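Asker: whatever this is, show me its structure:
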Amino acid sequence: MEDTQHPTPPYPEQQQEPPGKTAEMKPVPDHGEKSYKGDGKLTGKVALITGADSGIGRAVAIAFAREGADVVISYLNEDEDARDTVKWVEEAGRKVLVVSGDIKSEEHCKDLVQRAVDQLGGIDILVNNAAFQRTYADIADITADEWDETFRTNIYAPFFLSKAAAPHMKPGSSIINTTSIQSRQPSPQLLAYASTKGAISNFTAGLAEMLAEKGIRVNAVAPGPIWTPLIPSTMPAEKAAKFGENTLIGRAGQPAELAGAYVLLASDLGSYMTGAVIPVTGGEIMI
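Answerer: This next block holds a predicted model:
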C-alpha cells in the first residue's frame, strides 16, 4: 500500500521562486495537522518560532500549540503560508502573535522579543529555525552579498534573538536552534549554508555553557533532508525530485517527523539536556 503520509521519491519535478510556497509543492508536506496529539507538556509557556510560516517551523508551531503554548510566528513575507499556520494555532485554542520582517536586522529581532513579552506576557522558548540557502557548483559563483545574507539569516539572527531573549527568560526556559546534517556532512553545492550550520552547532554548545548558571537550556535539532518549500525553491528540479532517496529510510522526512524533538527540548521531558544536538536525519550518521 502506498504511504501517502510519507511519500517516497521520485517526486514530481518542480521549481519555485524563493522562498517558495507550501500549497504549490507536490506532494504537500505533512506538518502534523491531522496526526499530532498534545497533552499539555507546554501549558502556560510562550514560544517564539522563526520561519514558522511553513516547513519545520509550522510543524513546531502546531505541536507547541497543541501542547498548550502561546506562539509568536516570525516570518519574512510569506503571508499566505503564515495565515495557514495561524489557523492551526488558533484551532488549538492558543494565543498567536504574527510578525513579519527580516531577522537579519538586529532591531527587528529585538522588537520580536519585546512584542512577545509585551503582548503574550513573556518568553519561555525561543526556536531559531529560519534559514536561507542556495546551491552552487563553483565558489566563483557565490557573491559576497549572498555569503553575507546566508550568515546573517542563519547565524547572526540566532545570536541577535538569543541575546534579546535571555534577559527575559526564567530558569527552565529553553533555546532551540535548528542546525543540520550539513554541519557534519557538508555538501559542496551548499557551501555557505553548510558553513552556517557548523557555526550553529558550535554556537549551541557555547551558549549552553554561558547560560547554564541562569537555568536556561540551549540545544539543537539537526534535520536531514526534510521536504519543505526550501527544496523546490533552491534546488534544480531534477535534484529536488530525488531529494532524500539516499537516506537509509529512502525518502525525505516530513516536517511533522521533527516536531517531537523540539517538544522534548522545550519541555520538562528534556530537563537534563543542554548543549545537545538531536539528529533527525533518516539514518544519515552524525558521529
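Asker: and the nearest residue to residue 152 once chain neighbours are set aside, which of the three is it?
Answerer: Distances taken as C-beta to C-beta, 6 or more residues apart in numbering place residue 104 nearest to residue 152, at 4.1 Å, with adjacent residues excluded. Yep, even glycine has a C-beta here, placed from its N, CA and C like the rest. Judged by DSSP: H, G, I helix; E, B strand; the rest coil, the three-state class of residue 104 is coil.
Asker: repeat that for the one 4 residues further on.
Answerer: With three-state DSSP as the basis, the three-state label of residue 108 is helix.
Asker: that one reaches residue 101, doesn't it?
Answerer: Yes. Counting by C-beta atoms under 8 Å, residue 101 is a contact partner of residue 108 at 4.6 Å.
Asker: spit out the contact partners of the residue nearest to residue 152.
Answerer: 149, 152-153, 156-157 (C-beta atoms under 8 Å, 6 or more residues apart in numbering).
Asker: wait, what's in contact with the spatially most central residue of the chain?
Answerer: Closest to where the C-alpha atoms of the chain average out (C-alpha atoms, centre = their mean) is residue 129, at 3.0 Å. The contact partners of residue 129, by C-beta under 8 Å, 6+ apart, come to 49-52, 56-57, 60, 178.
Asker: and which of those is nearest to residue 169?
Answerer: Checking those against residue 169 with C-beta to C-beta, the nearest one is residue 49 at 15.2 Å.
Asker: element containing that closest one?
Answerer: strand 46-50 (DSSP states H and E).
Asker: same check on residue 160?
Answerer: helix 157-165.
Asker: return the alpha-carbon coordinates of that helix using CSV.
Answerer: Provided in CSV are the C-alpha atoms of helix 157-165 (Å, rounded to 0.1, in the frame of the first residue of the first chain):
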residue,chain,number,x,y,z
ALA,A,157,19.8,36.2,13.7
PRO,A,158,20.0,33.4,16.3
PHE,A,159,22.7,35.5,18.1
PHE,A,160,20.5,38.6,17.9
LEU,A,161,17.4,36.8,19.2
SER,A,162,19.2,34.8,21.9
LYS,A,163,20.8,38.0,23.2
ALA,A,164,17.5,39.8,23.3
ALA,A,165,15.5,36.9,24.8
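Asker: tell me the strands beside the helix or strand following that helix, with direction?
Answerer: Note on helix 157-165: by DSSP H and E, the next helix or strand toward the C-terminus is strand 174-178. Using DSSP bridges, the strands paired with strand 174-178 are strand 125-128 (parallel), strand 217-223 (parallel).
Asker: residues in contact with the closest residue to residue 153 other than its chain neighbours?
Answerer: For residue 153, ignoring the flanking residues on the chain, the nearest one in space by C-beta to C-beta, 6+ apart is residue 132 at 4.0 Å. Shown in contact with residue 132 (C-beta under 8 Å, 6+ apart): 149-150, 153-154, 193.
Asker: of those, which belong to strands?
Answerer: Of the contacts of residue 132, none are assigned to strands by DSSP state E.
Asker: for those residues, pick the one with the most neighbours.
Answerer: For these, counting by other C-beta atoms under 10 Å, the largest number of neighbours falls to residue 154: 27 neighbours.
Asker: what sits closest to it if chain neighbours are left out?
Answerer: That would be residue 196: by C-beta to C-beta, 6+ apart, it lies 3.7 Å from residue 154.
Asker: buried stuff in whichever strand or helix holds the one you found?
Answerer: In this assignment (DSSP H and E), residue 196 forms part of helix 191-211. Neighbour-count burial for helix 191-211, counted by 16 or more other C-beta atoms under 10 Å, picks out 191-201, 203-205, 207-208, 211.
Asker: for stretch 269-280, same thing?
Answerer: Result for stretch 269-280 [16+ other C-beta under 10 Å]: buried residues 270, 274, 276-280.
Asker: could I get these as a markdown table with distance to residue 8, pLDDT and secondary structure?
Answerer: Formatted as a markdown table, those follow (distance: C-beta to C-beta, whole Å; pLDDT from 0 to 100; DSSP: H, G, I helix; E, B strand; the rest coil):
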| residue | distance to residue 8 | pLDDT | secondary structure |
| --- | --- | --- | --- |
| 270 | 31 | 98 | helix |
| 274 | 36 | 98 | coil |
| 276 | 30 | 98 | coil |
| 277 | 27 | 97 | strand |
| 278 | 24 | 97 | strand |
| 279 | 21 | 97 | strand |
| 280 | 18 | 97 | strand |
